[in-house]
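Chemist: Any chance you can model this:
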Amino acid sequence: MEVSQGFTIEEGFYYDVSFIAKSSTSQNITVQIQKTIGDKGVLWTEDLSLSNTTNSYGPLTYRFLFPEEYCKLSFLLGGTDNAVVNLDSVVLMKRDDPDHTRQVELFEKRSHTYNGTTLPYRLLIPKDYNSETWYPLLLQLHGQTLGGTDNEKQISGGVLWADSANQAKWPCFVLAPQKTEVGQWADHKRYGGPNELGYLDFTKAPISNEMETVIDLLNSLIVEFAIDTNRIYITGGSSGGLGVYDAIYRFPHKFAAAMVFSAPCDTTTAAVSRFFHLPLWIIHGELDASIPCMASRFLVAAMERLGRECVYTHCNFHTNDCTGIAEEEVAQAIEDDARLLYSEWPGLGHQQPFWSTAYGYPLLAPWMFAQSKEFNISDVGDFDTGSFSSVTLGQNYPNPFNSVTTIPYELLHQNNVRISVYDLLGREVKTLMNKNLPAGTYQVLFNGDELAGDIYFYQIQTKSADGSQFSDTKKLILIK
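Modeler: The predicted structure is shown next:
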């Protein structure tokens, strides 16, 4: 026999259980806290004996050190048939553990504004951060229900990448911006009827204000911290997952890998070929009624049509087989550089049970942090190779500008980079950068306070992949 009550257990608290009980015949009683979602494992258990005398039990104490879980407190009775058990005055008390640092306290609370849009965000800086060491960064885009302005909901459920065990193994920055309830990571319009799963055409929508701000925020952090631009990762679920697809479509060479949960995508060749080269792990619940898993299946099939081999960790929709493969096989595929994985969880939908189960899969972090961006034209086949060059110098923004502007650039190979500003007579007025950098995406700030308003030119000087000298020049306008 079981008596139970559901509750939410939170990270960094002690839980004290007390009760009064007796039994007409001596028997055992087991007190336990068990997860009610995911693997439904038992977190804590205590075995006690009941007698025909009324006794007080407890407080029995359990300390919880993990992100929030949906659980139940259960009393399991057994031992003698036809026994009468009296269970009374059950009390579950929660008390803070002053020695524990919760995940939310590990994140700095910040905000970033770009072109009139302000996003609050949380930033986890690796413990014992050293500016002489290059660190990966993980950008996580939340779903619609976590939007707001409190700058906390987006990390309130715990962040896999911020887990202390993962940070000990893979120290990294974790960036978690928050958009408002009405904001959008991606402004894509849906076309077609419901049977078409809301067909998306990525070419028809401009970049959203929120995504522009996220990219500018990311660029600013690259300048502020020692971030390895070869190892910038992006993940998100539901509307956040759509934001991930939007980001890797618009900025296909900014990220080293992407992980997407329960989201639709434009599956045309024109869209998919933009990020075909990118390592991608797609995750969905088989019974998702909000965004049917067919949305992810279509994308996987589109990638396969272009020649990408997929590892099916759970359900394989081609064979209707949900037996799945052993974790050892998935681990071996990761070791063999698997670049497309699909995890369709049988029996789960779009809500909390799926998210907890999926994020609890132990091989997500090892796969993600094994990825590194190495620009190699052979990696992308015949798709979009015209966009590749050893060095790309972007147009400064804003332009025209007053006082400060940002100059973006991208390196496809490690190189020494020199960026200088010249006036109309060709005289160098300022050196902005002269440094050896690894391959990646960067930006440098130019402050024109000491110069007169005029037209200027900025130039990047470095070497091409074949070792020859390379330079590119663009115009900027300073207004005073």
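
Chemist: Show me where this structure has its helices.
Modeler: In order along the chain, the chain carries the following helices (DSSP state H): 103-106, 164-169, 209-224, 239-250, 269-272, 294-305, 327-335, 352-359, 364-370.

Chemist: most packed of those?
Modeler: Of these, the one with the most neighbours on average (mean count of other CB atoms under 10 Å) is helix 239-250, at a mean of 25. Backbone N, C-alpha and C define where each C-beta goes, glycine included.

Chemist: Of the helices of the chain, which is nearest V391?
Modeler: Distances from V391 to each of the helices of the chain were compared using CB to CB; the minimum, 16.6 Å, belongs to helix 209-224.

Chemist: got the contact list for stretch 279-296?
Modeler: 197-198, 238, 256-265, 297, 299-300, 303, 315, 317, 322, 339-350, 354, 358, 364, 367-368, 371 (CB atoms under 8 Å, 6 or more residues apart in numbering).

Chemist: Give me the buried positions along stretch 118-133.
Modeler: Taking 16 or more other CB atoms under 10 Å as the neighbour-count basis, stretch 118-133 is seen to contain the buried residues 119-126.

Chemist: Likewise for stretch 150-169?
Modeler: Taking 16+ other CB under 10 Å as the neighbour-count basis, stretch 150-169 is seen to contain the buried residues 151-152, 154-155, 157-163, 166-167.

Chemist: What of stretch 332-347?
Modeler: Judged by neighbour count using 16+ other CB under 10 Å, the buried positions of stretch 332-347 are 333-334, 338-345.

Chemist: closest to A176 among those?
Modeler: The shortest distance between A176 and any of these, using CB to CB, involves S343 and amounts to 22.3 Å.

Chemist: Distance check, P136 against I227.
Modeler: P136 sits 8 Å away from I227, going by CB to CB, to the nearest Å.

Chemist: just to revisit the earlier point, and the furthest pair within the buried residues of stretch 150-169?
Modeler: Greatest spacing in those, by CB to CB: N151 and N166 (22.5 Å).

Chemist: picking up where we left off before, which ones among the contacts of stretch 279-296 map onto strands?
Modeler: In strands, defined here by DSSP state E, the members of the contacts of stretch 279-296 are 257-261, 340-345.

Chemist: How much space separates M211 from S420?
Modeler: Separation of M211 from S420 (CB to CB): 31 Å.

Chemist: if I pick T267, what's in contact with it?
Modeler: 298-299, 301-302.

Chemist: Looking at these, which two lie furthest apart in space?
Modeler: Maximum pairwise distance among the contacts of T267 (CB to CB): 7.3 Å, between L299 and A301.

Chemist: tell me the contacts of I325?
Modeler: For I325, the contacting residues are 311-313, taking CB under 8 Å, 6+ apart as the criterion.

Chemist: Tell me which entries of the residues you listed lie within strands.
Modeler: When DSSP E is applied, the contacts of I325 are split such that 311-312 fall in strands.

Chemist: Contact partners for A301?
Modeler: With contact set as CB under 8 Å, 6+ apart, A301 has these partners: T267.

Chemist: What of the one 10 residues further on?
Modeler: Going by CB under 8 Å, 6+ apart, V311 touches 325, 330, 333, 338, 340-342.

Chemist: a markdown table for those, including pLDDT?
Modeler: Below are these laid out as a markdown table (pLDDT from 0 to 100):
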| residue | pLDDT |
| --- | --- |
| I325 | 93 |
| V330 | 94 |
| A333 | 94 |
| A338 | 94 |
| L340 | 97 |
| L341 | 97 |
| Y342 | 96 |
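
Chemist: Any chance of those residues in CSV with distance to E286 as columns?
Modeler: Output for these, formatted as CSV (distance: CB to CB, whole Å):
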residue, distance to E286
I325, 16
V330, 18
A333, 21
A338, 21
L340, 19
L341, 16
Y342, 12
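
Chemist: low-confidence ranges in the stretch 301-450 of the chain?
Modeler: Scanning the stretch 301-450 of the chain with the threshold set as pLDDT under 70 gives 351-356, 374-390, 412, 439-441.

Chemist: Also the stretch 1-150 of the chain?
Modeler: For the stretch 1-150 of the chain, applying pLDDT under 70 flags the ranges 38-39, 65-68, 79-80, 99-102.

Chemist: how about stretch 23-36: buried residues?
Modeler: Along stretch 23-36, these residues count as buried under the neighbour rule (16+ other CB under 10 Å): 23, 27, 29, 31-35.

Chemist: Is it possible to get TSV of these that adds distance to N447?
Modeler: Output for the buried residues of stretch 23-36, formatted as TSV (distance: CB to CB, whole Å):
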residue	distance to N447
S23	79
Q27	78
I29	71
V31	65
Q32	62
I33	57
Q34	59
K35	54
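
Chemist: Return the subset of these lying in strands.
Modeler: Within the buried residues of stretch 23-36, residues falling in strands by DSSP E are 23, 27, 29, 31-35.

Chemist: on that earlier part again, so which of the buried residues of stretch 118-133 belong to strands?
Modeler: Filtering the buried residues of stretch 118-133 for strands - DSSP E - leaves 119-124.

Chemist: Can you tell me which of those is nearest F64?
Modeler: Checking these against F64 with CB to CB, the nearest one is L124 at 20.7 Å.

Chemist: so L160 makes contact with Q167?
Modeler: No - when contacts are counted by CB atoms under 8 Å, L160 is not listed as touching Q167 (10.6 Å).

Chemist: Which residue, other than its chain neighbours, is closest to V85?
Modeler: For V85, ignoring the flanking residues on the chain, the nearest one in space by CB to CB, 6 or more residues apart in numbering is S23 at 4.8 Å.

Chemist: got the contact list for the one you found?
Modeler: Contact partners of S23, counting by CB under 8 Å, 6+ apart, are 29, 50-52, 80, 83-86.

Chemist: if we can go back for a sec, Throw the helices of the chain into a markdown table and include distance to K435, thanks.
Modeler: Written out in a markdown table, the entries for the helices of the chain read as follows (distance: least, CB to CB, whole Å):
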| stretch | distance to K435 |
| --- | --- |
| helix 103-106 | 31 |
| helix 164-169 | 28 |
| helix 209-224 | 12 |
| helix 239-250 | 27 |
| helix 269-272 | 36 |
| helix 294-305 | 37 |
| helix 327-335 | 34 |
| helix 352-359 | 38 |
| helix 364-370 | 26 |
